[in-house]
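[1] this is a predicted model, with the sequence first.
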Amino acid sequence: EIGKIHYGDPKIINQLMWLPYFEIGFTLLFLLFSFWGFQIIRISEKNYILAGMARETSHQLGTPITSLFGWLKLLEDNSINKNDIYTSIKEDVIRLSDISDRFYKIGTSSTLVLTDVINIFKNLKIYLLNRVPKNSNVKINLNYEDEIFIMGDLILLNWAFENIIKNSLDATNYKNSIIDIN
């Protein structure tokens, strides 16, 4: 035997020929699992947001509804200030309507109109000061020189500013709170 002559590809070449197919298959499998994982995360975030919105809706509706029950109890007791009670009931019903509008507008495109920011803060000041405990000594100061108009959705701006002020009051536990709005 003088030598060996090999013809054709060695065994290792035949095995290496399948390597790109395995790499593409594992890459596709990895992408499929990644996509599936992101879908699960997206669905769980969506469920978390919906649960949060349900809690917020319940919280937002709770105050005016509780207030309405109180007003009804005063009416049953033949209170002297029936006109004041009717006015307060009307305010709370309007408040419930505003809350309904707020949640309706979530996820829809807003209609922007020229909105008076100072008027929003004046109304919020009156609304919030009527609803904080009388012994809390809460003060809301509104400091402005000129009227301020912006393009925005009145209901959503009102909601945003109300939440900012409420969060400020919550941070101080409503005791000797002074909110300065400049």
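    Received, thanks. Residues are numbered from 1 along each chain as shown.

[2] against which helices or strands is the helix or strand harbouring F22 packed?
    Assigning secondary structure by DSSP states H and E places F22 in helix 19-76. On a contact count with 3 or more C-beta pairs under 8 Å, 6 or more residues apart in numbering; DSSP states H and E, helix 19-76 meets helix 82-105. Heads up, the C-betas are built off the backbone N, CA and C, glycines and all.

[3] quick check: angle from the helix it packs on to helix 19-76?
    170 degrees (axes from the mean of the first three to the mean of the last three C-alpha atoms, to 10 degrees).

[4] next SSE downstream of helix 82-105?
    Stepping forward along the backbone from helix 82-105, the first helix or strand reached (DSSP H and E) is strand 113-116.

[5] which pLDDT value belongs to the residue nearest to the spatial centre of the chain?
    When C-alpha atoms, centre = their mean is applied to the chain, the residue found nearest the centroid is M53 (6.8 Å). Looking at M53, its pLDDT stands at 80.

[6] same deal with V113?
    91.

[7] do I have it right that it meets L154?
    Yes: taking contact to mean C-beta atoms under 8 Å, the distance of 6.9 Å between V113 and L154 places them in contact.

[8] tell me which helix or strand of the protein sits lowest on mean pLDDT?
    helix 11-16 (a mean of 80; mean pLDDT, DSSP states H and E).
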